[in-house]
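A.B. asks: with the sequence up front, the predicted model follows.
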Amino acid sequence: MAYTVDFTDGTKSAISVANSAVNTTTNIGLVGQGYKNYGEVVAEDLLHILENFASGSAPSKPVEGQLWYDSANNQLKYFDDTVSNSGNWKAIASMTVQSAAPTTVGESDGHFWLDSDTGVLYLYYNGSWIAVSDVAGDTRVVARTRYDTDDVTHRTLETIVAGEIVSIASNDITSWIPQTSGVNTEYLENGSTLLNTEFPDITSGVNLNTTTGYFFSGTATTALYADLAERYEADQDYDYGTVVKIGGAKEITQTDKEYCPDVFGVVSDKPAFAMNSGAGSQKTHPYVALSGRVPVQVVGKVSKGERLVSSSIPGHAMSAGDIAGVDWQYVIGRALEDKINEASGIIEVVVGTK
């Protein structure tokens with residue numbers, strides 16, 4: 001009497017095995033009742049399963065999940081019989097975890113080795129092991145989450161050469177100061193130097209290490225922004241556009257009277273040419289625009305082209321009005337746009353132009 005053999009997946013049709021016969025629907029023979037010499041068939045079935053059908057050619061009658069050792073490529077593969085894959089043989093990834101590189105004869109392309117001492121992942125290709133994840137090496141590029149002084153997280157891409165961070169790329173719109181305590185503030189994973197020592201103020205774009213003599217080497221033919229500025233130590237944190245003078249408890253302070261003869265410049269947010277960049281952060285040592293186009297805090301009405309001087313409102317400029325008798329040393333710059341109300345506002349000004 002014939003019997004049926006069911007798949008694990010009950011949705012597949014069972015295989016019917018007739019009496020005194022061997023069913024060859026799959027790559028192993030299914031022996032029917034009363035078949036003579038069944039021992040040879042059963043023994044060969046067990047051997048084929050043991051060797052995972054080792055051959056240079058794929059089994060001709062595979063079933064879903066079947067293993068095949070591809071001896072031509074030294075790879076163990078499984079059969080994926082899904083509709084979307086239309087019956088593909090897919091390699092099973094191999095991974096060796098040890099401190100020394102595997103030296104097995106016949107190592108195959110695509111094999112992985114994880115160095116248990118360093119954490120570096122290698123890929124075997126064309127006769128050698130190639131590092132694909134230099135996690136613990138001293139020269140690499142790594143993505144990190146950093147924290148600022150307000151405990152806000154920032155994503156960075158950091159370039160490390162010989163154990164030292166050379167550059168940090170950030171896409172934050174506003175600049176931020178690395179945290180001095182807490183999570184992920186060290187210079188390197190195993191270091192003790194705080195990040196803000198080498199990077200006191202991180203701005204949008206590529207920031208270079210300020211303490212080890214790294215500089216941009218190349219030819220700059222254009223600038224995105226429009227002013228020349230330099231860092232100066234301020235007696236407090238000033239917003240961009242603040243009109244400042246030399247004086248106060250530090251190097252600079254905001255102006256606080258009309259026609260101040262000591263007016264010096266305007267706090268810049270995004271200078272085109274930033275001098276003395278390693279002096280500090282934007283909070284402690286803001287960039288002061290000395291020349292060029294920059295937003296300025298202004299009070300009162302202003303006409304385009306008018307000269308601006310300091311006002312009695314701290315850190316604000318105003319129209320110089322009738323320039324007769326106005327000394328050039330009072331002039332901050334010239335307005336590039338009109339301002340039609342008396343309230344405080346920000347307009348574009350060319351500073352340094354009398």
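C.D. replies: That came through fine.
A.B. asks: list the buried residues in stretch 275-292.
C.D. replies: 277, 279-292 (16 or more other Cβ atoms under 10 Å). Heads up, the C-betas are built off the backbone N, CA and C, glycines and all.
A.B. asks: same question for that stretch, mean pLDDT?
C.D. replies: Stretch 275-292 comes out with an average pLDDT of 89.
A.B. asks: neighbouring contacts of it?
C.D. replies: The contact list for stretch 275-292, computed with Cβ atoms under 8 Å, 6 or more residues apart in numbering, reads 175, 177, 200-201, 210-211, 226-234, 237-238, 240, 244, 252, 264-269, 271-272, 274, 350-352.
A.B. asks: tell me where the protein has helices.
C.D. replies: Assigned helices in the chain, in chain order: 38-50, 195-198 (criterion: DSSP state H).
A.B. asks: how about JSON lines for these, with mean pLDDT and mean neighbour count added?
C.D. replies: Compiled in JSON lines, these are given as follows (pLDDT from 0 to 100; neighbours: other Cβ atoms under 10 Å):
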{"stretch": "helix 38-50", "mean pLDDT": "94", "mean neighbour count": "12"}
{"stretch": "helix 195-198", "mean pLDDT": "84", "mean neighbour count": "20"}
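A.B. asks: among the ones you listed, which is nearest residue 32?
C.D. replies: Smallest distance to residue 32 across those (Cβ to Cβ): 8.8 Å, for helix 38-50.
A.B. asks: which helices and strands sit right next to the closest one?
C.D. replies: In terms of contacts (3 or more Cβ pairs under 8 Å, 6 or more residues apart in numbering; DSSP states H and E), helix 38-50 is packed against strand 30-31.
A.B. asks: name the helices or strands packed onto the strand it packs on?
C.D. replies: Contact here means 3+ Cβ pairs under 8 Å, 6+ apart; on that basis strand 30-31 packs against strand 15-17, strand 22-23, helix 38-50.
A.B. asks: outside of the longest one, which residues touch it?
C.D. replies: Residues external to helix 38-50 that are found in contact with it (Cβ under 8 Å, 6+ apart): 22, 27-29, 31, 35.
A.B. asks: top of those residues by neighbour count?
C.D. replies: Neighbour counts for those, by other Cβ atoms under 10 Å, peak at residue 28, which reaches 22 neighbours.
A.B. asks: per-residue confidence for that one?
C.D. replies: Residue-level pLDDT assigned to residue 28 equals 95.
A.B. asks: likewise for residue 134?
C.D. replies: 54.
A.B. asks: quick check: which ranges of the stretch 251-354 of the chain have low pLDDT?
C.D. replies: 324-325 (pLDDT under 70).
A.B. asks: shouldn't residue 318 be in contact with residue 306?
C.D. replies: No: if you go by Cβ atoms under 8 Å, residue 318 and residue 306 don't touch, sitting 9.7 Å apart.
A.B. asks: the two: which is more packed in?
C.D. replies: residue 318 (22 against 17).
A.B. asks: not counting sequence-adjacent ones, nearest residue to that one?
C.D. replies: Excluding its sequence neighbours, the residue lying closest to residue 318 (Cβ to Cβ, 6 or more residues apart in numbering) is residue 311, at 3.8 Å.
A.B. asks: so what's residue 141 bridging to?
C.D. replies: residue 159 (DSSP bridges).
A.B. asks: same question, the one 5 residues further on
C.D. replies: Applying DSSP bridges to residue 146 yields these beta-bridge partners: residue 154.
A.B. asks: returning to what we had before: which of the contacts of stretch 275-292 count as buried?
C.D. replies: The neighbour-count criterion (16+ other Cβ under 10 Å) marks 175, 177, 200-201, 210, 226-232, 234, 238, 240, 244, 252, 264-269, 271-272, 274, 350-352 among the contacts of stretch 275-292 as buried.
A.B. asks: those residues in strands, which ones?
C.D. replies: 227-231, 244, 252, 264-268, 274, 350-351 (DSSP state E).
A.B. asks: what's the closest of those to residue 147?
C.D. replies: residue 231 (23.5 Å).
A.B. asks: buried ones in stretch 198-218, by neighbour count?
C.D. replies: Judged by neighbour count using 16+ other Cβ under 10 Å, the buried positions of stretch 198-218 are 198-203, 207-210.
A.B. asks: surely residue 31 and residue 20 touch.
C.D. replies: No: using Cβ under 8 Å, residue 31 is not in contact with residue 20; the gap is 9.6 Å.
A.B. asks: ok, the nearest residue to residue 257 once chain neighbours are set aside - contacts?
C.D. replies: Distance criterion Cβ to Cβ, 6+ apart; nearest residue to residue 257, sequence neighbours excluded, is residue 312 at 5.8 Å. The contact partners of residue 312, by Cβ under 8 Å, 6+ apart, come to 256-258.
A.B. asks: go on, residue 54?
C.D. replies: 68-69, 71.
A.B. asks: cool, residue 303 as well?
C.D. replies: Applying Cβ under 8 Å, 6+ apart to residue 303 gives the contacts 319, 335, 338.
A.B. asks: quick check: beta-bridge partners of the second one?
C.D. replies: The residues paired with residue 335 through beta bridges, assigned by DSSP bridges, are residue 349.
A.B. asks: contacting residues around it?
C.D. replies: 298, 302-308, 319, 347-349.
A.B. asks: ok, and the most crowded of those?
C.D. replies: Neighbour counts for the contacts of residue 335 (other Cβ under 10 Å) peak at residue 349, which has 30 neighbours.
A.B. asks: that one and residue 332 touch, don't they?
C.D. replies: Yes: counting by Cβ under 8 Å, residue 349 does reach residue 332; the two are 7.0 Å apart.
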